[in-house]
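J.: here you go, sequence then predicted model.
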Amino acid sequence: MAPQRVDTANLTPTELNERSKAVTARRIQLQTRLYSLRSQRTLSVLTPAPPVTPPSSPGASQVSTIPDSADAAASLDTKILSYALSRSKAITAHTLSNLYRIAGVTTFSAREATGETLLGLRFEVFSRGKRRFLTPVYVLVDLKPTEKGGTPVFVVARHSAPAFLGVVELAGRYLPPKGKQDLTRFVREVNRRVGRWRRRVDAAERFKQIAVAVGKAETVEVDDEVALLVIKWKSGAEANCRVDERGEVVKVVVKSRKGARNAEAEGQMKGKLAGLAARLQWEHPESL
């Protein structure tokens, strides 16, 4: 049946608005029906249709093999909602993980094989050079009862921090077995040391990249703690730099091939490790 032509010249704005709403509703209804038919077609392609059994007699009832459009549409809606729900949960978990990492320190419960529950401390490690989070540092703390039924005390059971960060030393200072314990200050100090260590590592890696790129030094060696930096030039000169916890080059010894000290170079190299290449007036490559 051909659609009827409606003269809208004499319609009021209110009537035009009502007709517009009706047309929109009809369009949505037709689109829904189209999606339903498409889903039926997809299902019929994937699933072979059951054979049609002819009626036993001309008067027997005919059974249709066409799937119900309402059931197909409901199945499609269920799949869409299930996918949307799974994606929403994944996004929520990822966002929550990012919030925890931004906080820097988070706590969790860790259960031992013996059934004992420990307090877990997770310290995030972020690399500015690599622009991503690295493997966290974990510290597990146990709450041990004291003799004669006193107040339980915190004891560091295990940790994954490098030995040079001094977690055991900090536990002895802020979590003594006898005396007042300060778990908050212990956590803050561990977090501070972890952050400073990672910044020293980033500065040392950056310096090595520049040294190799400009070809000014033959080798650059640094220890895991980034407390000692050794630079060897092609001329045979060598510099031994002592780096403190804050990332400052505090002591420098520069010797030529013959063993003569270079006081001017030693003074020039003192300062922030992150700015050592600039103080040596090494050209900064644009690609780094």
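T.: Nice, I can see it.

J.: what's the burial count for F108?
T.: Counted with other C-beta atoms under 10 Å, residues neighbouring F108 total 12. Where C-beta positions appear, they are placed from N, C-alpha and C, glycine not excepted.

J.: numbering from 374 from now on, please.
T.: Fine by me, first position is 374 from now on; the one you just mentioned is F481.

J.: and it, what pLDDT?
T.: F481 carries a pLDDT value of 91.

J.: which SS class is it?
T.: What DSSP: H, G, I helix; E, B strand; the rest coil gives for F481 is strand.

J.: the strand or helix carrying R495 pairs with which strands?
T.: Element membership for R495, per DSSP states H and E: strand 490-500. Next to strand 490-500 in the sheet, as set by DSSP bridges, lie strand 478-484 (antiparallel), strand 505-517 (antiparallel).

J.: so A586: helix, strand or coil?
T.: Following three-state DSSP, A586 is assigned to helix.

J.: what mean pLDDT does stretch 484-504 get?
T.: 90.

J.: oh, I was asking about stretch 652-659
T.: For stretch 652-659, the per-residue pLDDT values average out at 74.

J.: list the contacts of T519.
T.: Contact analysis of T519 by C-beta atoms under 8 Å, 6 or more residues apart in numbering lists P525, V526.

J.: once you drop chain neighbours, what's closest to E594?
T.: V603 (4.4 Å; C-beta to C-beta, 6 or more residues apart in numbering).

J.: so which bits of the host helix or strand of that neighbour are buried?
T.: Assigned by DSSP H and E, V603 belongs to strand 601-605. If you call a residue buried by 16 or more other C-beta atoms under 10 Å, then strand 601-605 has these buried ones: L602, I604.

J.: where do the helices of the protein begin and end?
T.: Per DSSP state H, the chain carries helices over the ranges 386-419, 442-476, 540-547, 556-587, 636-642, 649-652.

J.: what's the shortest one packed up against?
T.: Right, the one you point to is helix 649-652. When contacts are defined as 3 or more C-beta pairs under 8 Å, 6 or more residues apart in numbering; DSSP states H and E, helix 649-652 packs onto helix 556-587, helix 636-642.

J.: kindly export the shortest one (C-alpha atoms) in CSV.
T.: In this case it means helix 636-642. Output of helix 636-642 as CSV, limited to C-alpha atoms (Å, rounded to 0.1, in the frame of the first residue of the first chain):
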residue,chain,number,x,y,z
ALA,A,636,90.1,19.0,40.2
GLU,A,637,88.2,21.2,37.6
ALA,A,638,86.4,18.2,36.2
GLU,A,639,85.6,16.9,39.6
GLY,A,640,84.0,20.1,40.6
GLN,A,641,82.1,20.3,37.3
MET,A,642,80.6,16.8,37.8
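
J.: chain center to it: distance?
T.: 41 Å (C-alpha atoms, centre = their mean, to the nearest Å).

J.: list the contacts of S482.
T.: So S482 contacts T490, L491, L492, G493 (C-beta under 8 Å, 6+ apart).

J.: report the beta-bridge partners for it.
T.: S482 has the following beta-bridge partners by DSSP bridges: L492.

J.: could you report the neighbour count for the closest residue to L494 other than its chain neighbours?
T.: Nearest non-adjacent residue to L494, counting by C-beta to C-beta, 6+ apart: V512, 4.3 Å away. When neighbours are counted by other C-beta under 10 Å, V512 registers 23.

J.: does the residue nearest to E594 really touch A590, like I thought?
T.: No. With contact defined as C-beta atoms under 8 Å, V603 does not reach A590; the gap is 10.0 Å.

J.: just to revisit the earlier point, so what's the residue nearest to E594 up against?
T.: V603 is in contact with T592, V593, E594, V595, E611, A612, N613, C614, counting by C-beta under 8 Å, 6+ apart.

J.: weed out the non-buried ones from those residues.
T.: Among the contacts of V603, those classed as buried by 16+ other C-beta under 10 Å are V593, V595, E611, A612, C614.

J.: which pair in these spans the largest distance?
T.: Spatially, the most separated pair among those is V595 and E611, at 14.1 Å (C-beta to C-beta).

J.: re the thing from before, going by distance to L454, which of the buried ones among the contacts of V603 wins?
T.: Nearest to L454 among those, with distances taken as C-beta to C-beta, is V595, at 54.6 Å.
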